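**Q** Got a predicted structure plus its sequence, pasted below:
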There are 2 protein chains.
Amino acid sequence: MAISQKCQYALRAIYELALHQDEGPCKIGAIAEAQSIPVRFLENILNSLKGADIVDSARGKEGGYYLLKPADSITVGEVIRFVQGPIGPVECTSRVDDDCDFYSDCVFRPLWDKARAALESVYDGTTFQDLVDQSANICRIPQCSCNKKKIESKSH
Amino acid sequence: MAISQKCQYALRAIYELALHQDEGPCKIGAIAEAQSIPVRFLENILNSLKGADIVDSARGKEGGYYLLKPADSITVGEVIRFVQGPIGPVECTSRVDDDCDFYSDCVFRPLWDKARAALESVYDGTTFQDLVDQSANICRIPQCSCNKKKIESKSH
DNA sequence: ATCGTTCCCGAGCGTTTCAATCGGGAATCC
DNA sequence: GGATTCCCGATTGAAACGCTCGGGAACGAT
């Protein structure tokens, strides 16, 4: 299963929230700008992510979105599964009730299983904290406060 | 990138041809029946595979489709790439000229690269001969000659 | 030569999915 | 009560997908 645009937006948005996790809620406009995501679309995405207990939000001035868990306990895999369903190269191996003519006799099933396992190991083995740690430039908005932090921690 | 129905049909068809490789051309109707593929659709698929120098065909009575190479030198990966393009979890990492805003700065790129490498290793590491060797039941049509062969070789 | 068999080829079609938008509503804070 | 910000469902437009269709052309047998 390819990673859809929507899912990539979700991942980037959560990554952005992870960058700013200890600064209070992020406004949706800021997230959208930092990550080049259409605002109204991002609205849908973030709202649906609330159903996964990954993010929550506050309204009014100083409102915005924030993570419900520390970044090191949110995996890429869990976000992908929530946004676009089971991870895997083909649909039939992710379903129990399968209308495929081949069932477990399918010659290709071991192959799909191997591919799925490989993908899951990559996606489930990466947390958003890993991504934050790996990022060289931190935030793409130069004036953003998170970049100050980065500079400070470098000079230590 | 998910494996499309069309691509699965292509793989199953080539597998079927591999089963019967030393028996002359296979008629498209037989392939379609053995692998539960809509005939007119399979027609499209097999014809396009001729462009990849994987199969060729002969017309008239005793005509049909056959593999141009031994089954152990056709990989699953090469078929997938021909039918549905570059292997990978997202499009942007497969393209050189990329209209993504993030280019090589993308925090997720290492992840996509890992995922792609994992998929490629699975798909490029499997030949159709591997699939034939692994198959327990050989052909799904009980009366088919390839099953006789199987029985003979078992009794040896 | 002609007839049956089989492949050949491009055009078309209905459905679903995808990405994105829109209008208007409701909570929160000053 | 007004500014700010999130909330929610409906809708749209375009593209991809799975599949069908009609008619044509090569091959072999008789």
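**A** Great, that's in hand.
**Q** Of all the residues in the helix or strand harbouring A:Ala10, which ones are buried?
**A** Per DSSP states H and E: A:Ala10 is located in helix A:5-19. Of the residues in helix A:5-19, A:6-19 count as buried by neighbour count, 16 or more other CB atoms under 10 Å in any protein chain shown. No exception for glycine: its C-beta is placed from N, CA and C like everyone else's.
**Q** ok, these vs A:Leu49, which is closest?
**A** Comparing these against A:Leu49 with CB to CB picks out A:Ala10 as the nearest, at 6.4 Å.
**Q** Check the gap between the closest one and A:Arg59 for me.
**A** A:Ala10 sits 21 Å away from A:Arg59, going by CB to CB, to the nearest Å.
**Q** Same question for A:Ala118.
**A** From A:Ala118 over to A:Arg59 (counting by CB to CB), the distance is 42 Å.
**Q** the more surrounded of those two?
**A** Comparing A:Ala118 with A:Arg59 by other CB atoms under 10 Å in any protein chain shown, the one with more neighbours is A:Ala118, at 19 against 8.
**Q** can you tell me if whichever strand or helix holds the more buried one touches DNA strand D.
**A** A:Ala118 is part of helix A:109-124 when elements are defined by DSSP H and E. No: remark: helix A:109-124 sits outside contact range of DNA strand D, by CB under 7 Å from any atom of the strand, the gap being at least 14.6 Å.
**Q** Now do the next helix or strand after that helix: distance to the chain's middle.
**A** Next helix or strand after helix A:109-124 toward the C-terminus (DSSP H and E): helix A:128-134. Centre-to-centre, helix A:128-134 and its host chain are 12 Å apart (CA atoms, centre = their mean, to the nearest Å).
**Q** Could you list the contact residues of chain A toward DNA strand C?
**A** So far as CB under 7 Å from any atom of the strand goes, chain A lies against DNA strand C at A:4-6, A:9, A:38-41, A:43-44, A:58-63, A:84.
**Q** For PyMOL, what selects the buried ones among those residues?
**A** In PyMOL, this line selects whichever of these come out buried by 16+ other CB under 10 Å:
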select buried, chain A and resi 6+9
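**Q** Phi, psi for A:Asp53 please.
**A** As for A:Asp53, its main-chain torsions (degrees, to the nearest 10) stand at phi 60, psi 40.
**Q** mind listing what the nearest residue to A:Asp53 once chain neighbours are set aside touches?
**A** Excluding the flanking residues, the one nearest A:Asp53 by CB to CB, 6 or more residues apart in numbering or on different chains is A:Leu68, at 5.7 Å. Residues in contact with A:Leu68 (CB atoms under 8 Å, 6 or more residues apart in numbering or on different chains) are A:53-56.
**Q** what's the answer for A:Arg12, then?
**A** A:35, A:37, B:107-108.
**Q** Quick one: check stretch A:13-27 for contact with chain B.
**A** Yes: using CB under 8 Å from any CB of the partner chain, stretch A:13-27 reaches chain B at A:Tyr15.
**Q** May I have that stretch as CSV, with CA atoms only?
**A** The C-alpha trace of stretch A:13-27 is given here as CSV (Å, rounded to 0.1, in the frame of the first residue of the first chain):
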residue,chain,number,x,y,z
ALA,A,13,1.9,17.5,10.9
ILE,A,14,2.7,15.2,13.8
TYR,A,15,6.4,15.7,13.2
GLU,A,16,5.8,19.4,13.4
LEU,A,17,3.9,19.0,16.6
ALA,A,18,6.7,16.9,18.0
LEU,A,19,9.2,19.6,17.3
HIS,A,20,7.2,22.1,19.3
GLN,A,21,5.8,19.6,21.9
ASP,A,22,6.9,21.6,25.0
GLU,A,23,5.7,25.0,23.8
GLY,A,24,1.9,24.7,24.1
PRO,A,25,-0.6,24.2,21.3
CYS,A,26,0.4,24.9,17.7
LYS,A,27,-2.0,26.8,15.5
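**Q** how far out from the middle of the chain is that stretch?
**A** Distance, stretch centre to chain centre, for stretch A:13-27: 12 Å (CA atoms, centre = their mean).
**Q** and if you look at stretch A:49-67?
**A** Computed by CA atoms, centre = their mean, the separation of stretch A:49-67 from the middle of its chain amounts to 15 Å.
**Q** Now it: average pLDDT?
**A** Averaging pLDDT along stretch A:49-67 yields 96.
**Q** Can you give the contact residues for that stretch?
**A** A:10, A:13-14, A:17-18, A:21, A:24-28, A:30-31, A:46, A:68-69, A:74, A:78-79, A:82-83.
**Q** quick one on the thing from earlier: backbone torsions only: list them for the residue nearest to A:Asp53.
**A** Backbone torsions of A:Leu68, given as degrees, to the nearest 10, read phi -90, psi -10.
**Q** give me the residue from chain A nearest chain B.
**A** Chain B sits closest to A:Ala118 of chain A, with a gap of 3.7 Å, by CB to the nearest CB.
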